[in-house]
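Trainee: Take this sequence and fold it.
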Amino acid sequence: MTRDKQIVNMRDVSSHLKTMGAIHHNVFSELVLLMKLFFVVPVSSATAERSFSAMTLHVHKNHLNCVDDSAVIKDFVACDDVRMDIFGNNG
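Mentor: Numbers count the residues shown, from 1 in each chain. Presented below is the predicted three-dimensional model:
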């Protein structure tokens with residue numbers, strides 16, 4: 001990357017750091033470490049979040065499969081006279 005090109009995103013910064021010599025790497029070693037962390041941490045936490053979400057969805061599906069829909073509907077209607085008038089007694 002030449003000095004004429006502007007650095008506009010993290011990929012440009014990474015490419016520029018790769019072209020620098022060993023002397024510059026010593027000077028910017030903290031920046032290089034920060035860049036490595038920047039590229040790794042979001043991916044690893046996103047993967048964990050996706051795994052957790054998938055596991056939670058699976059657990060909820062298992063619980064819903066055990067629910068008797070007709071019993072839930074009957075309980076819902078029986079809770080209120082207005083509901084009973086609207087939905088009637090389907091028992």
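Trainee: Next, count neighbours for D80.
Mentor: Look at D80: counted by other C-beta atoms under 10 Å, it has 11 neighbours. Yep, even glycine has a C-beta here, placed from its N, CA and C like the rest.
Trainee: how near is it to D68?
Mentor: Going from D80 to D68 by C-beta to C-beta, to the nearest Å gives 20 Å.
Trainee: And for R83?
Mentor: Distance, R83 to D68, using C-beta to C-beta: 18 Å.
Trainee: Would you mind telling me which of these two has the busier surroundings?
Mentor: Counted by other C-beta under 10 Å, R83 and D68 do not tie: R83 has more neighbours, with 12 against 9.
Trainee: tell me which element the closest residue to that one other than its chain neighbours is part of?
Mentor: Excluding the flanking residues, the one nearest R83 by C-beta to C-beta, 6 or more residues apart in numbering is V77, at 4.9 Å. Using DSSP states H and E, the element containing V77 is helix 69-78.
Trainee: Which neighbouring elements make contact with that helix?
Mentor: Judged by 3 or more C-beta pairs under 8 Å, 6 or more residues apart in numbering; DSSP states H and E, helix 69-78 is in contact with helix 81-87.
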